[in-house]
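[1] Have a look at this prediction, sequence included:
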Amino acid sequence: EVKVEESAGGSVRPGESLRLSCTASGRAFGGYDMAWFRQVPGKEREWLSCISSYLLTYYNASVEGRFTISRDNTRNTVYLQMENLKTEDTAVYYCARGSGTEHSCRNTEYIDWGQGTQVTVSS
């Protein structure tokens with residue numbers, strides 16, 4: 001069984017930064033696409049970004065230019081660096097591991113999920 005676990009989120013003020021990390025157990029971490037999502041109560045889950053096994057990255061327009069996804073396969077870890085946070089970034093953030101790797105990780109089916117971590121941006 002794969003275990004996906006996000007780091008603790010936090011509370012920050014608008015304009016500040018925060019980095020989330022996520023580890024996934026199991027072998028061959030580097031062979032799987034990884035992604036970040038977020039969800040606000042009462043709204044659908046929103047895809048934010050993904051990074052493929054080939055290190056190709058994609059971003060939702062809502063976060064492009066402010067968020068950066070990266071991975072360290074030696075640590076089985078994927079990161080989400082969030083800059084210039086806005087109040088509308090407040091949500092529960094989820095990390096997910098794909099079923100494998102695709103030409104574009106935007107098309108990957110994400111099947112293993114973390115429990116989520118709260119990020120609150122408020123003045």
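    Alright, I've got the coordinates.
[2] The residue sitting nearest the centre point of the chain: which element?
    The residue lying closest to the centre of the chain (CA atoms, centre = their mean) is Trp36, at 2.3 Å. Following DSSP states H and E, one finds Trp36 within strand 34-39.
[3] what pLDDT does Glu1 get?
    With respect to pLDDT, Glu1 scores 85.
[4] again, but for Arg27
    84.
[5] ok, how many other residues are close to it?
    8 (other CB atoms under 10 Å). Every residue, glycine included, has its C-beta placed from N, CA and C.
[6] before we move on, what SS does it have?
    Following DSSP: H, G, I helix; E, B strand; the rest coil, Arg27 is assigned to coil.
[7] Tell me the secondary structure of the closest residue in space to Tyr110 that isn't next to it in sequence, please.
    Leaving aside its chain neighbours, Tyr110 sits nearest to Ala96 (3.8 Å; criterion: CB to CB, 6 or more residues apart in numbering). Look at Ala96: counting by three-state DSSP, its state is strand.
[8] Same check on Ala8?
    coil.
[9] That one: neighbouring residues, count only.
    Neighbours of Ala8 using other CB under 10 Å come to 9.
[10] again with the one 10 residues further on
    Other residues near Leu18 number 19, with proximity taken as other CB under 10 Å.
[11] which residues touch the closest residue to it other than its chain neighbours?
    The shortest distance from Leu18 to any residue other than its chain neighbours is 5.0 Å, reached at Met82 (CB to CB, 6+ apart). Listed by CB atoms under 8 Å, 6 or more residues apart in numbering, the contact set of Met82 reads 17-20, 63, 66-67, 89, 119.
[12] Show me which of these is closest to Thr57.
    Phe67 (10.0 Å; CB to CB).
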